[in-house]
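Peer 1: Need a 3D model of the sequence below.
(chains A and B, ligands or ions: 2)
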Amino acid sequence: MSEPREPLRNIIVAGGGQLGVLTALALKRAVPMAQVTVVGTPPDPNALADRLGTALPFTNRLHDRLGVDEAVLVSEAGASHRLLMRTTGFTAGHEGFAAYGALPETKLRSRFAREWGGGSRSGSAQQTVGSLAEALVASGRFRPPGPGESTPLAEVDYALRWNVGAYRSLLIGRAQKMGVQYVEGEVASLEADADGTVSAIGLTGGQVLGAELFVDCSGTRGALVSRLPRLEWNDWSAYLPVRAVVLERPGRGVLALEDHAAMTEEGWVVGHAARDGHQRILGVRDSADPAQAADVLGGSAPVAVVPLSPGAMATPWQGNVVALGDAAARFEPLGFLNLDLAHRQLDLLLELLPGREVDARERGEFNRRAELMAEGVRDTLGLYYAALEAERVYGRLERSPALENLLDQYARRGRIPHSEEGALMNEEIVSLLAALGIEGGEIPVSRAEGAQGMHAAQGAFAAKVDAALAASPPYAEWLQSVLAPAPG
Amino acid sequence: MSDTSPRPVRVVVLGGGTAGWMTAAATAKLLPGLAEVHLVESEDIGIVGVGEATLPHIRGFVERLGIDEAAFMKATHATYKLGIDFRDFGSIGTSYIHPFGSFGEPVAGVGFHHYWLELERSGKAGPLDQYSFAVAAAKANRFAPPAMDGSLASSYGYAYQFDATLFGPFMRDFGLANGVTRTEGRVTEVERDSESGDVTALVLENGTRIEGDLFVDCSGFRALLLGDTLDEEWEDWTHWLPCDRAAAMPCAHVREEIEPYTTASAMPAGWRWRIPLQHRIGNGYVFASAFISEDEACEAIIGAAEGTQLADPRVLRFRPGRRSRSWSHNVIGVGLASGFLEPLESTSIYLAQMAITYLVELFPVGGKIDPRDRDEFNRLVDLEYDRVRDFLILHYNATTRDDSEFWDHVRTMEVPDSLAGKMELWREAGRVEKYSNGLFYDASWIAVYVGQGLLPERHDPRAAIPREDQMLAAFGKLRDTIASEVSQMPGHRDYLLRESARLADAP
Ligand SMILES: Cc1cc2nc3c(=O)[nH]c(=O)nc-3n(C[C@H](O)[C@H](O)[C@H](O)COP(=O)(O)OP(=O)(O)OC[C@H]3O[C@@H](n4cnc5c(N)ncnc54)[C@H](O)[C@@H]3O)c2cc1C
Ligand SMILES: Cc1cc2nc3c(=O)[nH]c(=O)nc-3n(C[C@H](O)[C@H](O)[C@H](O)COP(=O)(O)OP(=O)(O)OC[C@H]3O[C@@H](n4cnc5c(N)ncnc54)[C@H](O)[C@@H]3O)c2cc1C
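Peer 2: Residues are numbered from 1 along each chain as shown, chains lettered A, B, ... in the order given. Ligands and ions are numbered 1, 2, ... in the order given. You can find the predicted model right below:
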């Protein structure tokens, strides 16, 4: 007879940044009887997952499940929509767009087909996603599709960006209402049993807090994990070239449906076009001097230089301590993957949430999948550095066999091999590679089909674009209407 | 149009069984201009002629080739299949259906089966089957095509049960109509390039030489190219899957109704299939020759099968396992020539289909084979085989049966590490190891674990959070909804009859 495990009674989340607060909220929702306490360790300025208010479409789904409404994020946390990322110069003279989502036919599959894996699992993507998004961005028109949307807008996927402070306050409000506790303090010690199970943490003020599960969301310092006796770290410095990230002081706010990544002589520059301020971020390589490199930002004083040594914990769940976000994996903020990975790790923890006692197999399954996720992010970043200009500026980097295989298969056959726990869907990878100017080989089947199939598809697509544009108001107009609803 | 059009690759398919004609039809249809397909088959040797139960993926194959489903079903005397009814596997007297579908829906991010396990503690949940639309429809002998709208009626899929001796010919007609050249004759000699070792031509008994650039070995268990010619290493899995023979025998229908599912009944030294087609029922005893003789097995299937016997039992011999490399030199094995896993979960035709899909994706346009594509193909094929293998072994190992030497052996044998880890995760936490490539996801593993009485020791703590009366109400509502929706579905035979002009000659 199967017994339920005793549910968690006490959970401590170290780190009260946007990740820690969302984690606390999610855990409290999952186990409402448990006492969930956020230990508000002083904010870590180097934690990129906490610092940047944007992620990828996955986060929208997670927010949904946690009752964090998109409309509220728009009205109270300064959220805006990003339909794609424009990329320039990763290949000399090339500009492109990386968009989100799967091709409509993949989305439309029946529930059974999705769950059972029926249908085509072909790795060849014949069409790229995002062409609709491109048309919308070019005309500055968009509104998020409603439930049961019948226009082609239903096919457009997007990410959100928001104001970190406002977002965090909003989540704190929710967390408080649900009874999440907050304690300010810095972790000074861990108390562990003989078998390594952590029973309590001591704060600098002398306060001792006991719990059965500890979640480290404290950023690069790893307030909890750094105190574990054994911390195995996978070093990614051979794979990823950026050693410092320069953050520009945000400029005036903008309203845009796209963000921008450009390759320069000093490194890549990513522009976050947020409503509360446009901010550029520069990825500085090993040998360069960050202050000098920052000149590329046009003399605007950098607000921060964040040092970076890329890598990930080999087993982010040890004993009863789980690391999420920068505490578990560190890498450059290129492609909006930082908070996205943190949220996927959180989702994995929610899926495999333990009882009062942690099960070793379950922990093993978490670590197996978390490692695949982290490697998936590393290899996704590797795609950017495989573009010719990026390779010239940063030098040739090491590639995992999986990344090597992907680049080879794509270059010769236009094929994206399936990867477990990958950061992007195959269609999104194809879109990104095109944006970076990395050319794909011809797919045998489409080569055989010739031009005929293409013409028919193009005609249908043009009609779709018209319908999507007709269904979308100018984005600014839409935003106005939700922020200040017309009376009556 | 580019003027550097590569010259078509001369693809020679050796073998005209299910695998051979599927390969020829798909490459000719999907790679016109790139592949020139020539198939050699020998009527003297014949085909294995079994392989009647399929998986839902076959529908994708039929659709991708642009074949009309109704015409296909009619020509192969096909019926619909919603899953497999496993009898006497976990212990004698028990049974469960492994459906092409799920059980309930996750609630608050926790899998349905955890709540079921929670209610099961007080014995109030009833069998897990009741919460699957596919199982309910199967048990009621009803069928209708699933919806596509995310509703309960879209929570299942279907496959076909067809006459294996008609499927190949159907694909042959399709292949010939799409430009496949066919030569009848027995291959007696294989020519190879003295330097590269690549196969260059097949020579028939009558002296005909057939040259090619790429050879697909679909010669069945003989594996004339991959085995005899190239001597590719064979990984033997007999120690995990001891069945190595089958006694197959068709019978007439005995009941009015046609079951929309396959039945697999455990036997003292293996198991027996029952596959209802439109015009007859396929039966066969898959057995381990180390535990029972061929004669005894034939007697057993005659004794066990219902309905008038339409032919004497025919014994087939095989070895479970696969080639270490299914693509070697310029030879690709598809079907029985590349490997064999017993038909317990109807996976063979799927494995052939999967290999064909990868062959089309990795097709050596212009004829030059890149070793990286070969490695990629072998990596993908191995992954598929290994996952199916573990799932099959579970059916034998998760048992309390100790009534025969055979069951004692499989119950106590050491299983592969990859499976042992999965089973432990299930036992300790009620969780299923997750992957998204390969066959058989959560619902399938849960169906077999629970169906064979392997319940976990603990389940998700969150399943105990909702109030029991509320859970019972929700469970009851799900059962009622399924029951009422299933009662609106037509009977399986009725559905075939109603659509008989399209689907069926003689249901
Ligand atoms: C997830 C989360 C993150 C937060 N992050 C921050 C933050 O970064 N900065 C910040 O200033 N505040 C933070 N808070 C705390 C929250 O903003 C404060 O609770 C609020 O500022 C004061 O609220 P209150 O007094 O109205 O009520 P309540 O939250 O109801 O608290 C009552 C009072 O009792 C005090 N109190 C609670 N427990 C103890 C205790 N064990 N010993 C002594 N006193 C105690 C509290 O500090 C508070 O003043 C966070 C809260 C949550 C839930
Ligand atoms: C007992 C049993 C039950 C099965 N049940 C199922 C099931 O339910 N579902 C499922 O999916 N699969 C099942 N299978 C597997 C399925 O039957 C095969 O995967 C399928 O039939 C493919 O076979 P094949 O084409 O590879 O081989 P074959 O049918 O054996 O074809 C081999 C071909 O090669 C030709 N050939 C061989 N040597 C020469 C030569 N020297 N010269 C010329 N031609 C030659 C033969 O003439 C023939 O045309 C079952 C298999 C067995 C043994």
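
Peer 1: element containing whichever residue of chain A sits closest to ligand 1, please.
Peer 2: Closest to ligand 1 within chain A is A:Tyr182: 3.1 Å, counting by CB to the nearest ligand atom. No exception for glycine: its C-beta is placed from N, CA and C like everyone else's. A:Tyr182 is located in strand A:181-184, with elements delineated by DSSP states H and E.

Peer 1: how close does the most centrally placed residue in chain B sit to A:Leu372?
Peer 2: With distances taken as CA atoms, centre = their mean, chain B has B:Thr347 as the residue nearest its mean C-alpha position (1.9 Å). In this structure, B:Thr347 and A:Leu372 are 25 Å apart, going by CB to CB, to the nearest Å.

Peer 1: ok now do B:Arg186, which residues does it touch?
Peer 2: B:Arg186 makes contact with B:Ser42, B:Asp44, B:Ile45, B:Leu204, B:Glu205 under the criterion CB atoms under 8 Å, 6 or more residues apart in numbering or on different chains.

Peer 1: no no, A:Leu136
Peer 2: If you count contacts by CB under 8 Å, 6+ apart, A:Leu136 has them with A:Leu83, A:Phe142, A:Val156, A:Leu257, A:Ala468, A:Leu469, A:Ser472.

Peer 1: okay, those in CSV with pLDDT and neighbour count next?
Peer 2: Output for the contacts of A:Leu136, formatted as CSV (pLDDT from 0 to 100; neighbours: other CB atoms under 10 Å in any protein chain shown):
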residue, pLDDT, neighbour count
A:Leu83, 96, 25
A:Phe142, 97, 25
A:Val156, 91, 25
A:Leu257, 97, 20
A:Ala468, 93, 23
A:Leu469, 95, 18
A:Ser472, 96, 23
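
Peer 1: Buried ones among the contacts of B:Arg186?
Peer 2: The neighbour-count test (16 or more other CB atoms under 10 Å in any protein chain shown) applied to these identifies B:Ser42, B:Leu204 as buried.

Peer 1: Can you flag which of the contacts of B:Arg186 belong to strands?
Peer 2: Secondary structure assignment by DSSP state E places B:Leu204 of the contacts of B:Arg186 in strands.

Peer 1: from the contacts of B:Arg186, which is closest to B:Cys243?
Peer 2: The shortest separation between B:Cys243 and any of these is 24.0 Å, and it belongs to B:Ile45 (by CB to CB).

Peer 1: quick revisit: what pairs with the residue of chain A closest to ligand 1 across the strands?
Peer 2: Counting by DSSP bridges, A:Tyr182 forms beta bridges with A:Val38.

Peer 1: Hmm, it is touching A:Val38, no?
Peer 2: Yes. Assessed by CB atoms under 8 Å, A:Tyr182 is found in contact with A:Val38 at 5.1 Å.

Peer 1: more crowded one of the two?
Peer 2: Between A:Tyr182 and A:Val38, counted using other CB atoms under 10 Å in any protein chain shown, the more crowded position is A:Val38 (26 against 16).

Peer 1: any idea how far A:Val21 is from that one?
Peer 2: For A:Val38, the distance to A:Val21 equals 7 Å [CB to CB].

Peer 1: Now list whatever residues contact both of these two.
Peer 2: Going by CB under 8 Å, 6+ apart, residues that sit against A:Val38 and also against A:Val21 are A:Ala175.

Peer 1: which ones are touching the closest residue to the residue nearest to the centre of chain B other than its chain neighbours?
Peer 2: For B:Thr347, the nearest residue in space outside its immediate sequence neighbours is B:Val388; the separation is 5.0 Å by CB to CB, 6 or more residues apart in numbering or on different chains. Residues near B:Val388 by CB under 8 Å, 6+ apart: B:Leu341, B:Glu345, B:Thr347, B:Leu351, B:Gly438, B:Leu439, B:Phe440.
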